[in-house]
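Participant: Provide a 3D model corresponding to the input given below.
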Amino acid sequence: QVQLVESGGGLVQAGGSLRLSCVASGSIFSINIMGWYRQAPGKQRELVATMTTASNTNYADSVKGRFTISRDNAKNTVYLQMNSLKPEDTAVYYCYSLLLTRYGGSLYGYWGQGTQVTVSS
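Facilitator: Predicted coordinates:
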């Protein structure tokens, strides 16, 4: 089994900052991608940022220049530093990981339970 556990969400005023963390644990053999998605009420889940093991990153246009993703591969942990937050960033943020388990097989995507980020105006 694989678990992704997020932390760091909360309520912040517009212009403020938050840092999200996500730790992957369990029967992990290797991790390919770790990243963050978000889902606002009434909207589809969307990509925020991802990072490969080789540190290649991909950001949504809406967060470029404000959010920074980073990883600690030794700790199977991914972070999302969110600066200059806007009310439209309000959403549940989900950690995502594409990985291989110790049981073999193909790469498979896992999700965390989500953490709420609320930005007040």
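Participant: Tell me which residues touch residue 81, please.
Facilitator: Contacts for residue 81 (C-beta atoms under 8 Å, 6 or more residues apart in numbering) come out as 17, 19, 67, 68, 69, 70. To be clear about C-beta, it is placed using only N, CA and C from the backbone, and glycine gets the same treatment.
Participant: Residue 118 contacts residue 92, correct?
Facilitator: No. With contact defined as C-beta atoms under 8 Å, residue 118 does not count as touching residue 92 (9.8 Å).
Participant: Pick out whichever of the two has more residues nearby.
Facilitator: Higher neighbour count among residue 118 and residue 92: residue 92, with 18 against 15, using other C-beta atoms under 10 Å.
Participant: list the helices and strands the one helix or strand that one maps to packs on?
Facilitator: Element membership of residue 92 [criterion: DSSP states H and E] is strand 91-101. With contacts defined as 3 or more C-beta pairs under 8 Å, 6 or more residues apart in numbering; DSSP states H and E, strand 91-101 has these neighbours: strand 2-7, strand 18-26, strand 28-39, strand 77-82, strand 108-111, strand 115-120.
Participant: 10 Å instead, please
Facilitator: Using 3 or more C-beta pairs under 10 Å, 6 or more residues apart in numbering; DSSP states H and E as the contact test, the elements touching strand 91-101 are strand 2-7, strand 18-26, strand 28-39, strand 46-52, strand 77-82, strand 108-111, strand 115-120.
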